[in-house]
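S.K.: I need the structure of the sequence given here:
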Amino acid sequence: MKIALIGAGPRNLMALERLVCWGISTNYSANVEISLFDPFGIGGRVWNPDQNHELKMNSLAEKITLFTDQSIEMAGPVHEGPSLLDWALANGRSFIEEHQYHHQKLLLNELANLNKHSYSSRAFLASTNSGFTNKLLIIYRITLARPYVQNG
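M.R.: Numbering: from 1, shown residues only. Here you go, the predicted structure:
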């Protein structure tokens with residue numbers, strides 16, 4: 001079975017996680033090929049780490065996650081993961097420093113001031129989208145023969 005996800009924003013990153021969990025839990029993973037298409041890369045056009053840093057999220061950093069938890073009614077296994085705040089405090093600095101984001105200094109400054117009462121920038125969440133995708137690939141031992149985000 002071949003599945004194409006058009007767009008690499010948070011919604012399709014969550015759909016990717018659900019499809020991978022479904023494939024593994026139903027033993028279909030060897031027979032499923034998932035392609036993710038977005039000309040803007042992980043995060044898509046809207047969730048770009050190089051966008052204007054003044055654009056803020058409308059949810060607290062401690063409430064945002066791309067992972068599932070027990071509060072969601074769904075088929076397939078739950079795969080809990082960190083909130084944006086937890087991920088940022090544990091991995092944010094090294095992840096941001098490893099990448100050459102246009103607004104790297106702003107992202108690091110935001111990280112230094114991030115707390116449970118913070119509304120992060122959209123650019124900051126965008127920088128974590130790649131971290132989420134990397135973690136998903138590692139946890140489920142997914143190997144990609146070529147880049148998974150392709151120009152459409």
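S.K.: residue 94: how many residues sit nearby?
M.R.: Neighbourhood size, residue 94 [other C-beta atoms under 10 Å]: 9. Using the backbone N, CA and C atoms, a C-beta is placed for each residue, glycine as well.
S.K.: which SSE is it in?
M.R.: helix 93-98 (DSSP states H and E).
S.K.: chain center to that helix: distance?
M.R.: The chain centroid and the centroid of helix 93-98 are separated by 15 Å under C-alpha atoms, centre = their mean, to the nearest Å.
S.K.: what are the contacting residues of it?
M.R.: For helix 93-98, the surrounding residues in contact (C-beta atoms under 8 Å, 6 or more residues apart in numbering) are 104, 107-108, 111, 127-128, 130-131.
S.K.: export that helix to CSV, keeping only CA atoms.
M.R.: What follows is helix 93-98 as a C-alpha-only set of coordinates in CSV (Å, rounded to 0.1, in the frame of the first residue of the first chain):
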residue,chain,number,x,y,z
ARG,A,93,19.7,24.3,22.7
SER,A,94,21.7,21.5,21.1
PHE,A,95,19.1,20.9,18.4
ILE,A,96,18.9,24.6,17.5
GLU,A,97,22.7,25.0,17.5
GLU,A,98,23.1,21.9,15.2
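S.K.: helix or strand right after that helix?
M.R.: helix 104-113.
S.K.: could I get the average pLDDT for that next one?
M.R.: For helix 104-113, the mean pLDDT works out to 94.
S.K.: tell me how far residue 25 lies from residue 57.
M.R.: Distance, residue 25 to residue 57, using C-beta to C-beta, to the nearest Å: 31 Å.
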